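1. Just a sequence and a predicted model for now, questions to come.
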Amino acid sequence: MRLSVEGGGCSGFQYKFDLAEAAEGEDAVSETDGVQLVVDPVSLDLVSGSVVDFVESLGGAAFRVENPQAAAGCGCGSSFGI
């Protein structure tokens, strides 16, 4: 699973999740319970210290990012500002 940060969203930046075949170049790789999370160096600066979790609720299922660097966020939880 690849996590990246892009400009946009209602708070300035937005999280993007994609499937990754393998890490590239200087990507950082974290593994928990057999699941690897790959993050590029630029995005890593923006999500450093974050916790990523998969959450299921009555409204559906999604990845949730708890980012201690985020000074602002949106209601949907997919964008943030620093």
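-> Happy to help now that I have it.
2. What mean pLDDT does stretch 64-76 get?
-> Averaging pLDDT along stretch 64-76 gives 79.
3. Please tell me how far Leu46 sits from Asp40.
-> The spacing between Leu46 and Asp40, counted by Cβ to Cβ, to the nearest Å, is 10 Å. For every residue, glycine as well, the C-beta is placed using N, CA and C.
4. Just to be sure, Val42 is in a helix?
-> Yes. Inclusion of Val42 in a helix is indicated when DSSP: H, G, I helix; E, B strand; the rest coil is applied.
5. Tell me which residues touch it, please.
-> Counting by Cβ atoms under 8 Å, 6 or more residues apart in numbering, Val42 touches Val5.
6. Can you read off the pLDDT for it?
-> 93.
7. ok, the residue located most distally from the centre of the chain to Tyr15 distance?
-> Computed with Cα atoms, centre = their mean, the residue of the chain farthest from its C-alpha average is Leu58, at 22.0 Å. To Tyr15, Leu58 is 22 Å away according to Cβ to Cβ.
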